[in-house]
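Asks: just coords:
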């Protein structure tokens with residue numbers, strides 16, 4: 001049997017702006033996931049416990065859990081080999097995700113540039129989208145991380 005081992009982009013040169021990665025992993029959010037994350041994080045908004053109020057309705061997924069799941073799905077194919085996460089430019093939740101939704105992630109390589117202080121490193125910026133089973137976008141997050149270059153550049157900052 002001929003199988004190919006998955007290789008994540010480990011170096012600055014491996015990232016090409018405009019490339020879109022449809023991550024294979026999917027995750028169904030359970031009520032237990034939502035409740036445990038809520039209790040662990042101390043985020044206990046009443047909307048997470050609609051049955052306690054006696055009004056059965058779809059239970060919204062805690063936004064931070066949604067970010068963790070979709071961000072986690074994207075890590076293997078994006079920043080698993082990163083030196084450091086540099087920050088989030090924005091995080092948006094255009095629609096609610098609900099308990100029972102099957103989540104997946106799609107990532108677009110937005111831009112890259114060599115580090116201004118160390119030409120052996122580069123900054124990569126990506127946008128990750130979280131989608132539910134109906135392909136509705138429930139998360140959009142833009143973040144940057146630092147990765148190594150294969151060969152240190154000598155011609156300064158190059159934005160692509």
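Replies: Happy to help now that I have it. Quick caveat, the model's predicted, so the values are computed rather than measured. Residues are numbered from 1 along each chain as shown.
Asks: which one's the longest helix in the chain?
Replies: Ranked by residue count under DSSP state H, the longest helix found in the chain is helix 63-75.
Asks: Would you mind measuring from the residue lying closest to residue 115 once chain neighbours are set aside to residue 60?
Replies: Computed as Cβ to Cβ, 6 or more residues apart in numbering, the closest residue to residue 115 that is not its neighbour in sequence is residue 121, at 4.2 Å. Placement of C-beta: from N, CA and C, glycine included. Per Cβ to Cβ, to the nearest Å, residue 121 is found 39 Å from residue 60.
Asks: on that earlier part again, other SSEs contacting whichever helix or strand comes after the longest helix of the chain?
Replies: Scanning forward in sequence from helix 63-75 by DSSP states H and E, the next helix or strand is strand 84-92. Secondary-structure packing of strand 84-92 (3 or more Cβ pairs under 8 Å, 6 or more residues apart in numbering; DSSP states H and E): strand 137-148.
Asks: Which pLDDT value goes with residue 28?
Replies: Note on residue 28: pLDDT of 97.
Asks: so what's it bridging to?
Replies: Using DSSP bridges, the bridge partners assigned to residue 28 are residue 102.
Asks: Please tell me I have it right and it contacts residue 102.
Replies: Yes - counting by Cβ atoms under 8 Å, residue 28 does reach residue 102; the two are 4.9 Å apart.
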